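Engineer: let's see this in three dimensions:
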Amino acid sequence: MTLGIQHSSVAVFAPSPILTVTVENGPDGGEVHFHPGGQGFWVARMAASLGARVSLCVPLGGESGDVLRALLDAEGIEVLAVRTGGANAAYLHDRRSGERQPIVETQSPGLGRHELDELYGVALTAGLDSGAMLLTGPRHGHVLPAETYTRLAGDLRANGRPVLADLTGEPLRAALRGGLDLLKLSLEELHAEGLASGAGLADLDAPIRQLGREGAECVLVSRGPDPALALVGGRLLEVSGPRFAAIDPRGAGDSMFAALGVGVAAGLELEEAMRLGVAAGALNVTRHGLGSGHVKEIDRLLGQVRIRDAV
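Structural biologist: Here you go, the predicted structure:
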């Protein structure tokens, strides 16, 4: 199946990328590693790993933005950057003890009016030129007005482009007002939004259908090692994949979301796109890198994904 997605194209809206600096043990003492980070980048990296052409729409500024630009270019992703007056967020973590110890973290800057206009224009045209737009959230709430998501989702869908979102808080509500082809949430995020308190079908059926009524044509809720629940065409489905011992469960949701977007952009039916997403998310928990995985391995896992009506 994955051979059919390798010529697809996606745009990723990433309003607050972050420069990550990590100190780790090495053979000759400490080693310092520099990487791009943030939800949008991890989603873009996974989409590129699947063979899709990826356009990453980002604001970049300051010294941290200059470093981010060089690191992003090395990833083989098309970087559609808007220059900002403020520097991008960055963090320094020390992992020499085996545990992640935060040393310092700066915040993403709020976008000025002209910067926001430029970023919106870049994202709108990239979305129109791609098979699907993937909306990711800001790292900090002050980065941009939530209504940006309403406009972007509405404008793209009005022009026939699928829009998928993995958002929480006000950006989630705003994107729903614009309309979404697919909304992806984790169980923890559903709880944090106050939409549900339990984890079973009886607890989640009504909240998932409510999100559908509020503007999401399809809703997928991941539940860690338990089968995901999906609302597709009014049917509530259970999507189960292979279960692996997790080295690092972080990033599984981003891998799932990226693969969903690539599948939709390639014209797969939603159930097949979900199969791809669950396989990518399952593989990611076996890896240290967030939003990572190889297309051949994901392809081999597709046969392990089962979809059935939730009962």
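Engineer: output the below-cut-off pLDDT ranges for the stretch 201-311 of the chain.
Structural biologist: Low-confidence segments of the stretch 201-311 of the chain, defined by pLDDT under 70, span residues 243-251, 284-294.
Engineer: now do the strands in it.
Structural biologist: With DSSP state E, counting those that start in this stretch, the ranges of strands along the stretch 201-311 of the chain come out as 218-223, 226-232, 235-240, 306-309.
Engineer: so which of these comes closest to residue 33?
Structural biologist: strand 218-223 (28.3 Å; C-beta to C-beta). The C-beta positions use only the backbone N, C-alpha and C, and glycine is treated the same way.
Engineer: alpha carbons of the closest one, in PDB - could you do that?
Structural biologist: Included here for strand 218-223 are C-alpha records, laid out as PDB according to Å, rounded to 0.1, in the frame of the first residue of the first chain:
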ATOM      1  CA  CYS A 218     -14.000  12.100  11.000                       C
ATOM      2  CA  VAL A 219     -12.600  11.800  14.500                       C
ATOM      3  CA  LEU A 220      -9.800   9.400  15.700                       C
ATOM      4  CA  VAL A 221      -9.000   9.100  19.400                       C
ATOM      5  CA  SER A 222      -5.800   7.200  20.200                       C
ATOM      6  CA  ARG A 223      -5.800   5.300  23.600                       C
END
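Engineer: show residues contacting it.
Structural biologist: In this structure, residues lying in contact with strand 218-223 by C-beta atoms under 8 Å, 6 or more residues apart in numbering are 181-187, 190, 199, 204, 208, 211-212, 228-232, 239, 252-253, 256, 260, 270, 274, 277, 281.
Engineer: how does it look with 7 Å?
Structural biologist: Outside strand 218-223, the residues that touch it by C-beta atoms under 7 Å, 6 or more residues apart in numbering are 181-187, 190, 199, 204, 208, 211-212, 228-232, 253, 256, 270, 274, 281.
Engineer: residue 227 contacts residue 238, correct?
Structural biologist: Yes: when contacts are counted by C-beta atoms under 7 Å, residue 227 is listed as touching residue 238 (4.6 Å).
Engineer: what about those two, which has more around it?
Structural biologist: Neighbours were tallied for residue 227 and for residue 238 using other C-beta atoms under 10 Å; the higher tally belongs to residue 227 (20 against 17).
Engineer: any idea how far the more buried one lies from residue 67?
Structural biologist: As defined by C-beta to C-beta, to the nearest Å, residue 227 lies at a distance of 41 Å from residue 67.
Engineer: do the same with residue 172
Structural biologist: In this structure, residue 172 and residue 67 are 30 Å apart, going by C-beta to C-beta.
Engineer: just want to know which of the two has more residues nearby.
Structural biologist: For residue 172 versus residue 67, the count of surrounding residues by other C-beta under 10 Å is larger for residue 172: 24 against 17.
Engineer: which is the next helix or strand following the one helix or strand that one maps to?
Structural biologist: Taking DSSP states H and E as the criterion, the element that holds residue 172 is helix 169-178. Counting by DSSP H and E, the element after helix 169-178 in chain order, helix or strand, is strand 182-186.
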